[in-house]
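Colleague: This is a predicted model, with the sequence first.
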Amino acid sequence: MDKRERDYSIDFVKGVAILFVILLHNMPNESIYSIAYIGQAVPLFLLVSSYLTYGGFQRKGFNGYFSARNVKKMLDRVFLPFFLLIFSQCAIFYLLKGGVDWQRLYMQGGFGPGSYYPWIYLQCWLILPFVIFLVNCLSFRRSFVLFVGICALGEWFTCVFHVPDNVYRLLFYRYLFLLYLGCVILKFKIKLNVWGLWISSYSLVLGYFRDIYFCRFDAISYEPMERISLG
C-alpha cells in the first residue's frame, strides 16, 4: 500500500493492542488500573481485523475473499507458525518431562494462554463474509438489533446448556458483536464523539470500582459477553 494511503490510526490501535497483550500476560489482574487493559487486547485485534476485512471485501467480493491465494495467505500467517510452535512445545515437553499432556493440548487447543486465538481467528475469518452481507443488506438500526439479539441468544444458550468453559473459550460467538462493530464503523464512518468518550469513561470507572472494591454494578454498567479470563 502506498504510504500516503496508509491509515496510521490503524497502526496505532494495533500497537496499543500489542501492548495490552504484553500487559495481559505479564501483569497480575489485581494491578492498579488493570481494568483498563486486562481483557481488551484480543477484542481490539478482532475489531481491527473486521474493520480492515470489510474494506477489502468491498473491493474483492466473496470469491476474492475465499480465493486460493487469500486462504493460503491466512494459513501461512496464522496456522503455520502456530503448528510449528505446538510441534516445538511437544518436543520440549517430551525431552524435559518424558511425555506430552495430550489431553491438555486437545482441551485447550494448544499450550499457553493464547492457544485459543488461532481457532477463534479461523472461525471469525469464515463468518465475516456473512456478517458483512447482513451489514450491507440492512439498515444500521435493523442490523444493530439483529446482532444484539444473536449475541444475547448465544450467551443465553451458553448458560442454559452449561457449555463447558474450555469449549466456550474456543468459540467465536463471544466476539461476534466486535466483528459487527468493525464493519459498521467503516461503513457508516462512525467517529468517537463526546458522548462515546463519556460513556466509555463511565464504564471504565464502574469497572474499576467493581474490581477494586468487589462491588456489583451489573444493572448499570456494561459487562463484556465473556465468562472467563481471556488468558
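Modeller: Received, thanks. Residues are numbered from 1 along each chain as shown.
Colleague: Could you check how far the residue nearest the centre of the chain is from Val13?
Modeller: The C-alpha lying nearest the average C-alpha coordinate of the chain belongs to Pro43 (Cα atoms, centre = their mean; 3.6 Å). As judged by Cβ to Cβ, to the nearest Å, Pro43 and Val13 stand 11 Å apart. Where you see a C-beta, it was placed from the backbone N, CA and C, and this is true even at glycine.
Colleague: Same question for Asp101.
Modeller: Counting by Cβ to Cβ, the gap from Asp101 to Val13 is 36 Å.
Colleague: higher neighbour count, these two?
Modeller: Between Asp101 and Val13, Val13 has the larger neighbour count (other Cβ atoms under 10 Å), namely 16 against 13.
Colleague: helix or strand for the closest residue to that one other than its chain neighbours, which one?
Modeller: Distances taken as Cβ to Cβ, 6 or more residues apart in numbering place Val48 nearest to Val13, at 5.6 Å, with adjacent residues excluded. Taking DSSP states H and E as the criterion, Val48 maps to helix 41-65.
Colleague: Mind giving me the packing neighbours of that helix?
Modeller: helix 8-24, helix 117-137, helix 176-187 (3 or more Cβ pairs under 8 Å, 6 or more residues apart in numbering; DSSP states H and E).
Colleague: so where is the chain shaky, pLDDT-wise?
Modeller: 1-5, 28-39, 210-231 (pLDDT under 70).
Colleague: mind running it again at 90?
Modeller: Applying pLDDT under 90 to the chain flags residues 1-45, 55-64, 66-67, 70, 97-98, 104, 106-108, 111-114, 165-166, 189-231.
Colleague: Quickly note the distance from the residue of it most remote from its centre to Val163.
Modeller: In the chain, counting by Cα atoms, centre = their mean, Gly98 sits farthest out from the average C-alpha position, at 35.2 Å. The gap separating Gly98 from Val163 is 34 Å, by Cβ to Cβ.
Colleague: circling back: same question for the helix or strand just after the helix holding Val48: list its buried residues.
Modeller: Moving toward the C-terminus from helix 41-65, the next helix or strand (DSSP H and E) is helix 68-74. Within helix 68-74, no residue counts as buried by 16 or more other Cβ atoms under 10 Å.
Colleague: which outside residues touch whatever helix or strand comes next after helix 68-74?
Modeller: Where DSSP H and E defines the elements, the next helix or strand beyond helix 68-74 is helix 80-97. Among residues not part of helix 80-97, those counted as contacts by Cβ atoms under 8 Å, 6 or more residues apart in numbering are 99-101, 105, 110-112, 118.
Colleague: Would you mind giving those residues as TSV with distance to Gly55 added?
Modeller: Output for the contacts of helix 80-97, formatted as TSV (distance: Cβ to Cβ, whole Å):
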residue	distance to Gly55
Gly99	47
Val100	42
Asp101	42
Leu105	36
Gly110	30
Phe111	35
Gly112	32
Pro118	23
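Colleague: Quick one, which of those residues are buried?
Modeller: Applying 16+ other Cβ under 10 Å to the contacts of helix 80-97 flags 100, 105, 110-111, 118 as buried.
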